[in-house]
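S.K.: with the sequence up front, the predicted model follows.
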Amino acid sequence: MQLEQELSNRFGFNSFRQGQKEIIMDVLAGNNVLATLPTGVGKSLCFQLPGLMMDGPVVVVTPLISLMEDQVKELKMKGFKNAVAVNSFNTIEERKQIIQTLATYKFIYLSPEILQNNFLVTELALIKPALFVIDEAHCISQWGHEFRPAYLKLNTIIKLLGSPITLALTATATPEVQQDIINQLTGVKFKCHIYPIDRPNLSFIVKKVKHTADKDKQIVELCNSFHVPTMIYFSSKRETERVCNHLAQHCPQLNVAFYHGDVPTTERILIQEQFMNNQLDTICCTSAFGMGINKQDVRLVIHYHLPVQIESFIQEVGRAGRDQLHSVSLTLVAPYDYSIPKHLIESEFPSNAGLTGLFNDLLELANQKAEGEINPAEIMNKWNLSEVQWRFVKNYLEKKQIINDNKVNSNTTNYSQILKYLTEKIAIRKRHKFKQLERFFSWINTDACRRIQLYQPFQSTKPLAQFSCCDYCGFALNQWAPVVSQYGVSTSSWQIKLTNILLPFDTESG
Amino acid sequence: MLRYLILFCFNRIGEQRTVASIYHILTGRRSAQTIQDVHLYQLTNFYGATKSLTRVQFTNIIKELIAQNYLNERDQSLVVLTAQAKNYLVKEQDKYPIHYLQGLKYVDIMDGFIARFHLAVQTYSNLVMKNKTFRPISDDETVQHWVKQNFHQNRQELRYWLRGIHNELLSFLNALDNEMYAMLFVDRLSGYQQAGYSIQQLARIYQIEEPEIELILVLLFHKLLTFAETNQLSTVRTFVEDLNLRKNNRFLTKSAQITLRLLESDYTIAQIAQKRKLKRATIEDHIIELTYAYYPFRIHTFIDQSSLENITLTIAKLPNHKLSLIKQALHNNYSYFQIRLALVHFHNL
């Protein structure tokens, strides 16, 4: 009862949603909690409320800068001004300022990479965090091993911070991923709160086509018949642009734009805002678009390309129908599509030749006994490593004491052993990833209910459809009658547009 | 318009400088050579007019202009205008208002002006409707800080501020000779429940290439600022009040600033070159740059009055100002450095 009172006083809500209260009570009782909750249910409340009730600051580790900044903004809007985001976008001055005044903040949002800064961690330890939150905790398993090794170091960080109560939150974690999170954070004894993550208001369709032209044709037809907020996911930046132009040509009524990591920041913000304001109905995007975008009425999520794992797929379709109205996930698959994610996985790891060459170079440097400084740009260039690949290798080199602080450690000798270990490690990770991918492929080719196949591994209860279920269960797009959104694209004269923007109060009353 | 602008620059420069030098001028490269070029060929207004133009885009345009017989390729780095291009420049001169551009004058304040303007419009428009959940279209902290301060000053009179800027923009947009410019300008604005179009979208809607759209938008903001100055638009002017216009339309590269400090401590050219481990010619470049910026900055330390007059008189008689030609006409009696100093003097007469 008391907790509901706190909820109402601090956030103005009258009741908790599924799972929130149980998680919060466990945190307040001093337990470490690993929790899965479906997207859009209010995961952040699970640490914000207990955080406010505890003495000491809350440290929140978040994978994306945009996500971090949205949350800080949201907290500030709710009246909690003492929130701050520390990330690589801060200028040195800003960061200095934040670190000097660290004790004045209640919520400190950080990226795992920033936590590699020893000075910051020391300062954080001094203010004795009460709660350590890992948001989107599946990243530990999904990204930690290759892209973002900093995630694998959180275990050490928690200890350095005096082992505060730890809360790991995620919306997508199979039992396997949950176990991986628990394994990586060995020092922490978790109580698990696992809630079903299925989305009863989504219907699933997978369509097999012969080639790209078929996909384009299908999409044009869809966009012409359903005037609803639509996201189309691609794994290639160039394809987002191509299909966007194709749609603009063939669907004259459609408001379409593309979005990917190379679009300049200002332009990206404009596209996002247009999508939020219903000035755009269709957005052709890569996975760069999505996290942190909280649009309630996305009706249709199309996968033009396949993501590399089922978790990404679940996150991406989870952006449809947050308002609980009937929404659809459509996946288009052509025969050669299966090779794209395979190729993407291959490209995450360095080649054997590159690895061997790199090790020889390092050995030579070590033999010179000069504590030689290494030059990452040179190494990446010489052995043809991408940024991601280099980060992966570097993480292991540091772990095995071959390099420290960008310097070759001349005391380490067992190079061939380490090389062998690393090569094996890569083979294992690749096998694991291919296995994950196979799981997703078998979902694509399943001849059983798609909903059950998709969600069952993540939860113990049976997922149920609120509207139509999936193509296997008899759903087809011609049965779909979505709520059509109002679009705000104006064809007025510039004078009227100018008035609408600068004197919106006149427009409303007139 | 971009093509027109490029041809215009080629016409001014003649055959004296390379294709790349025009690219540097248009993208506002901060080098002594480029600064000197814009003064020498009176292209100061176009300095930095298309900052985001990529090398590839520029090269493609040049290739097109050559294919369409507007430019003739002399060799790898040198092109000349054809008769057709010269005709075109005369015939179309009223069509493209490139005289709106005030490149060098505004080079240091333009980006700040545009970002502040857009963010302020978005902020006021949303907050007057009590909508606090918009995403700022500029994530630049300094811009956000400025808008916050500005908003704070006007928070009691939001409607008054908005009506003010509305009137000022109406008078500005109505004064433009091409209605399409007004449409483009307004379509780029973000406000309550309305985000502006991206460059890529504008390109599609108006069927104009992206670099061209960017040029038009920049040009309109240049015009807005001059319009605000001449017509006393007080709201628009607040956006730049605290931004420093460069004195005399000129500014210095970092390296030249260091040279200036050393000159002020009475170091000689040779001493500076040695101290900075730079070539003598580089220091001379700095001095030319300094002379443009602070004419008549110590010009007599480097050249005596009679030499200066002698060279200037010769320059005035010559059909073009190619350095080698001037040197020849003076029977090789003066160094290039002296001739360049005299050229600055000549341009400031």
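M.R.: Sure, I can see it. Numbers count the residues shown, from 1 in each chain, chains lettered A, B, ... in the order given.

S.K.: contacts, neighbours, all on C-alpha from now
M.R.: Fine.

S.K.: surely residue B:123 meets residue B:193?
M.R.: No - when contacts are counted by C-alpha atoms under 8 Å, residue B:123 is not listed as touching residue B:193 (11.5 Å).

S.K.: looking at the two, which one has more neighbours?
M.R.: Set side by side, residue B:123 and residue B:193 show more neighbours around residue B:123, with 24 against 21, by other C-alpha atoms under 10 Å in any protein chain shown.

S.K.: got a list of contacts for the helix or strand where the more buried one lies?
M.R.: For residue B:123, the enclosing helix or strand under DSSP states H and E is helix B:110-128. When contacts are defined by C-alpha atoms under 8 Å, 6 or more residues apart in numbering or on different chains, helix B:110-128 is touched by residues A:501-505, B:132, B:134, B:136-138, B:143-144, B:146-147, B:151, B:158-159, B:162, B:189-193, B:221-222, B:236, B:239-240.

S.K.: okay, now the unreliable bits of chain A?
M.R.: By pLDDT under 70, the low-scoring segments of chain A are A:1, A:39-41, A:144, A:291-292, A:369-372, A:412, A:485-490, A:508-510.

S.K.: up against chain B, what does it have?
M.R.: A:77, A:257, A:266-267, A:269-271, A:273-274, A:277, A:279, A:488, A:493-495, A:497-499, A:501-505 (C-alpha under 8 Å from any C-alpha of the partner chain).

S.K.: 6 Å instead, please
M.R.: Listed as neighbours of chain B in chain A under the rule C-alpha under 6 Å from any C-alpha of the partner chain: A:267, A:269-270, A:273-274, A:277, A:494, A:501-502.

S.K.: what does the model give residue B:255 for pLDDT?
M.R.: Note for residue B:255: predicted pLDDT of 84.

S.K.: let me know how buried it is, in neighbour terms.
M.R.: Quick note: residue B:255 (other C-alpha under 10 Å) scores 14 neighbours.

S.K.: surely it is within a helix?
M.R.: Yes - according to DSSP: H, G, I helix; E, B strand; the rest coil, residue B:255 belongs to a helix.

S.K.: ok, the residues of chain A next to chain B vs residue B:180, which is closest?
M.R.: Residue B:180 has its nearest neighbour among the residues of chain A next to chain B in residue A:494, at 9.2 Å by C-alpha to C-alpha.

S.K.: what is the burial count for residue A:173?
M.R.: 27.

S.K.: wasn't it part of a helix?
M.R.: No - using three-state DSSP, the secondary structure at residue A:173 is coil, not a helix.

S.K.: domain assignment for the chain?
M.R.: Because you didn't say which chain, this covers chain A. A:2-194, A:202-341+A:472-501, A:349-437 (automatic domain parsing).

S.K.: my question was about chain B, not that one.
M.R.: B:2-96, B:110-238, B:255-347.

S.K.: and those domains as a markdown table, adding distance to residue A:351?
M.R.: As requested, these are exported to a markdown table (distance: least, C-alpha to C-alpha, whole Å):
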| stretch | distance to residue A:351 |
| --- | --- |
| domain B:2-96 | 32 |
| domain B:110-238 | 38 |
| domain B:255-347 | 44 |
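
S.K.: nearest to residue A:33, of these?
M.R.: So among the domains of chain B, domain B:110-238 is nearest, using C-alpha to C-alpha, at 31.5 Å.

S.K.: in helices, which of the contacts of helix B:110-128 fall?
M.R.: With helices defined by DSSP state H, the entries of the contacts of helix B:110-128 inside them are A:501-502, A:504-505, B:143-144, B:146-147, B:151, B:158-159, B:162, B:221-222, B:236.

S.K.: now residue A:434: closest residue in space that isn't a chain neighbour?
M.R.: Leaving aside its chain neighbours, residue A:434 sits nearest to residue A:342 (7.3 Å; criterion: C-alpha to C-alpha, 6 or more residues apart in numbering or on different chains).

S.K.: please tell me how far the one you found sits from residue A:348.
M.R.: Separation of residue A:342 from residue A:348 (C-alpha to C-alpha, to the nearest Å): 10 Å.

S.K.: what about the residue of chain B lying at maximal distance from its centre, distance to residue B:121?
M.R.: Here chain B reaches farthest from its C-alpha mean at residue B:130, the gap being 38.9 Å by C-alpha atoms, centre = their mean. Residue B:130 is 14 Å from residue B:121, where distance means C-alpha to C-alpha.

S.K.: can you check residue A:133 too?
M.R.: 37 Å.

S.K.: in terms of neighbours, single out the busier of these two.
M.R.: Neighbour count, other C-alpha under 10 Å: between residue A:133 and residue B:121, residue A:133 has more, with 27 against 20.

S.K.: so the more buried one, which state does it fall into?
M.R.: Residue A:133, by the three-state scheme (three-state DSSP), is strand.

S.K.: and the helices in the stretch 151-300 of chain B?
M.R.: Using DSSP state H, counting those that start in this stretch, the helices of the stretch 151-300 of chain B run over B:158-175, B:179-187, B:199-206, B:210-230, B:234-238, B:254-264, B:269-276, B:280-293, B:299-302.

S.K.: who does the helix or strand that contains residue A:231 touch, helix- and strand-wise?
M.R.: Assessed by DSSP H and E, residue A:231 sits inside strand A:230-233. Here strand A:230-233 touches strand A:282-285, strand A:300-303, going by 3 or more C-alpha pairs under 6 Å, 6 or more residues apart in numbering or on different chains; DSSP states H and E.

S.K.: quick one: distance of it to the chain centre.
M.R.: 16 Å (C-alpha atoms, centre = their mean, to the nearest Å).

S.K.: pLDDT below threshold where in the stretch 51-200 of chain B?
M.R.: Looking at the stretch 51-200 of chain B by pLDDT under 70, you get B:76.

S.K.: which bits of it sit near chain A?
M.R.: Going by C-alpha under 6 Å from any C-alpha, the residues of the stretch 51-200 of chain B near chain A are B:125, B:137, B:162, B:183, B:191, B:193, B:195, B:198.

S.K.: between which two of the residues you listed is the distance greatest?
M.R.: B:162 and B:198 (23.4 Å).

S.K.: how many neighbouring residues does residue B:99 have?
M.R.: The number of residues near residue B:99, taken as other C-alpha under 10 Å, comes to 12.

S.K.: surely residue A:366 is in contact with residue A:413?
M.R.: No - Residue A:366 lies out of contact with residue A:413 (C-alpha atoms under 6 Å); the separation is 8.7 Å.

S.K.: and the two? Which one has more around it.
M.R.: Neighbours were counted for residue A:366 and for residue A:413 using other C-alpha under 10 Å; residue A:366 has more, 21 against 14.

S.K.: setting aside sequence neighbours, what's the nearest residue to that one?
M.R.: Residue A:366 sits nearest to residue A:410 (C-alpha to C-alpha, 6+ apart), 4.5 Å away.

S.K.: how about TSV for the helices and strands packed on strand A:230-233, with mean neighbour count and distance to residue A:217 added?
M.R.: TSV is the format used below for the helices and strands packed on strand A:230-233 (neighbours: other C-alpha atoms under 10 Å in any protein chain shown; distance: least, C-alpha to C-alpha, whole Å):
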stretch	mean neighbour count	distance to residue A:217
strand A:282-285	25	15
strand A:300-303	24	14
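
S.K.: and these as CSV, adding distance to residue A:430?
M.R.: Shown next, in CSV, are the helices and strands packed on strand A:230-233 (distance: least, C-alpha to C-alpha, whole Å):
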stretch, distance to residue A:430
strand A:282-285, 26
strand A:300-303, 24
